[in-house]
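K.L.:
give me a 3D structure for the following:
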Amino acid sequence: MPNPILPLWEYIPDGEPRVFGDRVYLYGSHDRIACDVFCDFKLKVWSAPISDLNNWQCHGDSFRTRDGERKADTPWTDRELFAPDVVEKDGKYYLYAYIVGSKGAVGVSDKPEGPFRLLSQYKYDCEVGDDGIFNDPGVLVDDDGRVYVYYGFTDSHMNEINAENMCEILDNSYKRSVVDDSEAVPEERRFYEASSPRKINGTYYLIYSPRRGSRLAYATSDSPTGPFTYRGYIIDNAVDYPGGNNHGSVCCINGEWYVFYHRMTNNTIMSRRACVEKIEILPDGTIPAVEMTSLGFEESLDPYKITPAEIACVLKGGCYVTEKDLFTRVVTNITDGNIIGYKYFDFGKDNTGDTMTFCMKIKGMGTKCKVRILIDSYENGEQVGELSVGTGDGIYRAKVKNITGRHSLYLIAEHGVEGWTAQYFQGKPLFEAEEFVFLK
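P.N.:
Residues are numbered from 1 along each chain as shown. Coordinates of the predicted model:
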């Protein structure tokens, strides 16, 4: 399934991927469309068979702070739920949730998809950080059965959890600034939030969101208690795209490593959708940074199947994806010079014929314009054709050069007006993009 990997009406940010048995589960926050605050009063779980990563299933509400599909699980608060994590211990599954402005919760279930019943609030009569809220908790069950929770906002904290009850913080286990957070560390490396621990090939990893930028960074240690040393960043969701916070983690599925993250829609940082990119973990433990693509779990996109415009991984100049209703999402606010890009299409090896046809479904905005069609680069790539767009809604067609092989695709909108009248079109929406396809 291409990015975003869940049905396009679903908004699951802050994803924590976990493989349990023969399925991969995605635990995350739940954003609400057209909302001016982060997250929701419920958590939802999605999963897919590891043998079919295009077949995601929603398991419904897994935990709630307000009544809904089922009764609320938190009698002490009805605030929004953020950024959960789930781990397995001795055949049971434990959910760790951050609740805005309130003491967090631990839930338990016999099934990885939940629903999770309240086990307890965090229990502690010892030193903890983050005012005891446990912001964005990430939990690690080590090979020896010991359990650690990593958390924090603007500073990285950790404690050990009593493995006998999975909710009690152990005495004398508190560590602060487990990621080096001294003033000498550049802001793009310093910890901000979104702790996610993993143990990979004997090395402890802490994935997190740094203070500046829209990246997922990672630090490593030889010990679960740190200190963790910054090693680099894995992905940046603001490269050629409307950026915002990032939160996610890595997961090995069928022997392949992936980074799960989110990206923004609806011209806000509060409508975020789950995405994934394939990564590589090198023998020295480093993770080379990867680009944001439209691929998701796919090796390539098929240009001869209809592509929703909204899976663009490049949006430059002010255009953005927006949801008009449950069934309709478009790239909107497209003005002169805006760029809409997709990585990567495989056009195959058929080089018979000089041309092919590009078709695009468009909602017109009352003005004529054009779309330049480029491959490989929006700056100096090859222009393979040009689409003329009329004033109204419709399906517009253009002859383009016959393309073979694997390429990124860029659509550059232009008003096509010269002289003094061109000033009138500066900043004016030209059209909305719905979907497109190539025809042989």
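
K.L.:
shouldn't residue 236 be in contact with residue 289?
P.N.:
Yes. The pair residue 236 / residue 289 is scored as a contact, 7.5 Å apart, by CB atoms under 8 Å. To be clear about C-beta, it is placed using only N, CA and C from the backbone, and glycine gets the same treatment.

K.L.:
comparing the two, which shows the higher neighbour count?
P.N.:
Neighbours per residue, other CB atoms under 10 Å: of residue 236 and residue 289, the larger number sits with residue 236, 21 against 16.

K.L.:
show me where the stretch 251-400 of the chain has strands.
P.N.:
Using DSSP state E, counting those that start in this stretch, the strands of the stretch 251-400 of the chain run over 256-264, 272-279, 307-308, 314-316, 320-325, 328-334, 339-346, 355-364, 369-375, 382-389, 394-401.

K.L.:
list the buried residues of the first one.
P.N.:
When neighbours are counted by 16 or more other CB atoms under 10 Å, the buried residues of strand 256-264 are found to be 258, 259, 260, 261, 262, 263, 264.

K.L.:
how would you label residue 408: helix, strand or coil?
P.N.:
strand (DSSP: H, G, I helix; E, B strand; the rest coil).

K.L.:
now swap in residue 96 and tell me
P.N.:
At residue 96 the chain is in strand, as set by three-state DSSP.

K.L.:
how about it, nearest residue that isn't a chain neighbour?
P.N.:
Spatial nearest neighbour of residue 96, chain neighbours left out: residue 137 (4.3 Å); criterion: CB to CB, 6 or more residues apart in numbering.

K.L.:
which residues touch the one you found?
P.N.:
Neighbouring residues of residue 137 by CB atoms under 8 Å, 6 or more residues apart in numbering: 83, 84, 85, 96, 97, 98, 104, 149, 150, 151, 195.

K.L.:
swap in residue 258?
P.N.:
Residue 258 makes contacts with 17, 250, 251, 252, 276, 277, 278, 279, 297, as judged by CB under 8 Å, 6+ apart.

K.L.:
ok, now residue 87?
P.N.:
For residue 87, the contact set (CB under 8 Å, 6+ apart) comprises 18, 93, 94, 96, 139, 140, 141, 147.

K.L.:
of all the helices and strands in this structure, which has the lowest average confidence?
P.N.:
The helix or strand of the chain with the poorest confidence is helix 422-425; it has a mean of 63 (mean pLDDT, DSSP states H and E).

K.L.:
how close does residue 354 sit to residue 51?
P.N.:
Residue 354 sits 42 Å away from residue 51, taking CB to CB, to the nearest Å as the criterion.

K.L.:
the contacts of residue 87 in strands, which ones?
P.N.:
For these, the ones inside strands are 18, 93, 94, 96, 139, 140, 141, 147, with DSSP state E as the criterion.

K.L.:
would you turn these into JSON lines with neighbour count and pLDDT?
P.N.:
Output for these, formatted as JSON lines (neighbours: other CB atoms under 10 Å; pLDDT from 0 to 100):
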{"residue": "18", "neighbour count": "18", "pLDDT": "98"}
{"residue": "93", "neighbour count": "20", "pLDDT": "98"}
{"residue": "94", "neighbour count": "22", "pLDDT": "98"}
{"residue": "96", "neighbour count": "27", "pLDDT": "98"}
{"residue": "139", "neighbour count": "24", "pLDDT": "98"}
{"residue": "140", "neighbour count": "22", "pLDDT": "98"}
{"residue": "141", "neighbour count": "19", "pLDDT": "98"}
{"residue": "147", "neighbour count": "20", "pLDDT": "98"}
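
K.L.:
list just the nearest of those to residue 406.
P.N.:
The shortest gap between residue 406 and any of these belongs to residue 18, at 31.8 Å (CB to CB).

K.L.:
what's near enough to touch the residue nearest to that closest one when sequence neighbours are not counted?
P.N.:
Nearest non-adjacent residue to residue 18, counting by CB to CB, 6+ apart: residue 25, 5.1 Å away. Taking CB under 8 Å, 6+ apart, we find residue 25 in contact with 17, 18, 19, 45, 46, 47, 86, 112, 113.

K.L.:
the first one reaches residue 45, doesn't it?
P.N.:
By that I understand residue 17. No. Using CB under 8 Å, residue 17 makes no contact with residue 45, being 11.5 Å away.

K.L.:
ok so, going back, do you know how far the residue nearest to residue 96 is from residue 387?
P.N.:
In this view, residue 137 and residue 387 are 49 Å apart by CB to CB.

K.L.:
before we move on, back to that, let's have the contacts of residue 258 in a markdown table, adding neighbour count, distance to residue 223 and pLDDT.
P.N.:
Formatted as a markdown table, the contacts of residue 258 follow (neighbours: other CB atoms under 10 Å; distance: CB to CB, whole Å; pLDDT from 0 to 100):
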| residue | neighbour count | distance to residue 223 | pLDDT |
| --- | --- | --- | --- |
| 17 | 22 | 24 | 98 |
| 250 | 21 | 19 | 98 |
| 251 | 21 | 23 | 98 |
| 252 | 14 | 22 | 98 |
| 276 | 27 | 29 | 98 |
| 277 | 21 | 29 | 98 |
| 278 | 16 | 29 | 98 |
| 279 | 17 | 24 | 98 |
| 297 | 18 | 34 | 97 |
